[in-house]
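1. Prediction below, plus the sequence it came from.
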Amino acid sequence: MRSFRILTYNIRYGGRGREDPLIATILAAGPDVVLLQEATRASVVERLAEGAGMRQWATFKRQSLGFLSREPVQHFEWHRPRFSRHAFLEVVPAETDLRLFGVHLSAVHAAWTERRRVFEVRALLKSIERHQSGMHVLAGDFNTLAPGELLDASRLPRRLRPFVWLSGGQIRWRTIHEVLNARYVDAFRHVHPTEPGPTFPTNDPHIRLDYVFVPRQFADRIFKCEIPPAKTARQASDHFPLLAELRV
C-alpha cells in the first residue's frame with residue numbers, strides 16, 4: 001500500500017482575488033487530490049490547478065463542488081439525488097482502490113437548515129449504497145456540528161447569529177449522527193480523540209464544519225487527519241482546509 005493525501009477546502013465565494021494565498025495554502029499541504037467547495041468560478045479553479053501543479057481539474061456550472069488532481073483521474077461525475085437541492089461530486093483516482101465523494105451541505109446554523117442537511121446526507125448515503133463494501137471517502141463542508149460539540153453563537157460572524165436566535169438558541173445537531181450511524185468513522189476524531197480541531201472561521205476558529213469520513217471497516221487505513229499549517233490560510237478563505245492521509 002501507499003499513502004494518498006486528500007485535502008477538502010471551502011475557498012469561499014469562488015476564491016476570486018485570493019488565488020495566491022489559496023495556492024500557497026494548497027502547496028503547503030501537498031495533496032494528491034483537492035476537493036473544493038464554493039468553487040463556482042472555473043477561471044479561479046484553473047489558476048489554482050496551474051499554481052499548485054495539478055494536472056487535472058474540473059468544476060460544474062452552478063454547482064459548488066470542484067476538484068484538483070496531481071495525476072489524471074480515472075473518472076469524475078456530479079450526482080444530484082432525487083429531491084436533493086445539492087449535488088455531490090464523485091472522483092475516482094487512477095491506479096487506486098479509492099473512490100472520493102465531495103460534499104457541501106446546506107449552510108446557515110438553524111433548526112430548519114439542520115433538517116435539510118439531514119435530508120441531503122440521507123440522500124447521499126442512499127445513492128452510494130452500492131459502494132459500501134469498497135474503500136471510499138466522504139469529505140467536505142458539512143456545515144454542522146458533530147455529537148458532543150457546542151456552538152457559541154456569540155462568536156459566529158454577525159451575519160449568521162440571527163438564524164441561531166430564530167431557532168430558539170438551541171439546535172439539535174443530527175446530520176453527523178446519520179453518517180456515524182451508517183458505519184462511518186470521523187477521521188479527524190479517530191486520530192485526535194480530544195483535540196477541538198476547529199475549521200471555521202479562520203479569524204476566530206471555534207467550530208468544526210469540515211470533515212473526512214471513512215467506512216468503519218477501513219478505519220485502519222487512516223494514517224493522518226489534520227488542519228495543515230499554512231501562514232496563508234487566514235488570507236485565503238474563511239475555512240481552514242482539512243487534510244487526510246490514507247493508505248491505499
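-> Cool, got the structure.
2. C-terminal to the helix or strand bottoming out on mean pLDDT in the chain, what's the next element?
-> For the chain, counting by mean pLDDT, DSSP states H and E, helix 161-166 ranks last in confidence among helices and strands (a mean of 56). With elements assigned by DSSP states H and E, the helix or strand that comes after helix 161-166 is helix 175-181.
3. Name the helix or strand for residue 50, please.
-> helix 42-52.
4. what are the C-alpha coordinates of that helix, in PDB please?
-> Presented in PDB, the C-alpha positions along helix 42-52 are these (Å, rounded to 0.1, in the frame of the first residue of the first chain):
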ATOM      1  CA  ALA A  42     -13.800  27.900 -13.400                       C
ATOM      2  CA  SER A  43     -11.200  30.500 -14.200                       C
ATOM      3  CA  VAL A  44     -10.100  30.600 -10.500                       C
ATOM      4  CA  VAL A  45     -10.000  26.700 -10.300                       C
ATOM      5  CA  GLU A  46      -7.900  26.600 -13.400                       C
ATOM      6  CA  ARG A  47      -5.500  29.200 -11.900                       C
ATOM      7  CA  LEU A  48      -5.300  27.100  -8.700                       C
ATOM      8  CA  ALA A  49      -4.500  24.000 -10.700                       C
ATOM      9  CA  GLU A  50      -1.700  25.700 -12.600                       C
ATOM     10  CA  GLY A  51      -0.200  27.300  -9.500                       C
ATOM     11  CA  ALA A  52      -0.400  24.100  -7.400                       C
END
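5. Buried residues of that helix, list them for me.
-> By 16 or more other CB atoms under 10 Å, the buried positions in helix 42-52 come out as 44, 45, 46, 47, 48, 49, 51, 52. For the C-beta atoms, the positions are set from N, CA and C on the backbone; glycine is no exception.
6. want to throw these into JSON lines with pLDDT and distance to residue 235?
-> Output for the buried residues of helix 42-52, formatted as JSON lines (pLDDT from 0 to 100; distance: CB to CB, whole Å):
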{"residue": "44", "pLDDT": "98", "distance to residue 235": "15"}
{"residue": "45", "pLDDT": "98", "distance to residue 235": "18"}
{"residue": "46", "pLDDT": "98", "distance to residue 235": "21"}
{"residue": "47", "pLDDT": "98", "distance to residue 235": "16"}
{"residue": "48", "pLDDT": "98", "distance to residue 235": "15"}
{"residue": "49", "pLDDT": "98", "distance to residue 235": "20"}
{"residue": "51", "pLDDT": "98", "distance to residue 235": "15"}
{"residue": "52", "pLDDT": "98", "distance to residue 235": "16"}
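7. tell me the mean pLDDT over the lengthiest helix in the chain?
-> Longest helix in the chain, counting residues (DSSP state H): helix 111-127. Average pLDDT, helix 111-127: 90.
8. helix or strand right after that helix?
-> strand 136-141.
9. Which neighbouring elements make contact with that following strand?
-> strand 3-10, strand 33-37, strand 99-104, strand 210-215, strand 242-247 (3 or more CB pairs under 8 Å, 6 or more residues apart in numbering; DSSP states H and E).
10. In three-state terms, how would residue 96 be classified?
-> coil (DSSP: H, G, I helix; E, B strand; the rest coil).
11. Show the low-confidence segments of the chain, by residue range.
-> 83, 152-156, 158-170 (pLDDT under 70).
12. Run through who's touching stretch 219-230.
-> 1, 3, 7, 24-25, 28-29, 135, 185, 187-188, 190-192, 197, 199, 212, 214, 236, 240-248 (CB atoms under 8 Å, 6 or more residues apart in numbering).
13. ok, now which ones touch the residue sitting nearest the centre point of the chain?
-> For the chain, the residue nearest the mean C-alpha position is residue 140 (1.2 Å; CA atoms, centre = their mean). By CB under 8 Å, 6+ apart, the residues touching residue 140 are 8, 10, 35, 37, 65, 102, 103, 104, 105, 210, 211.
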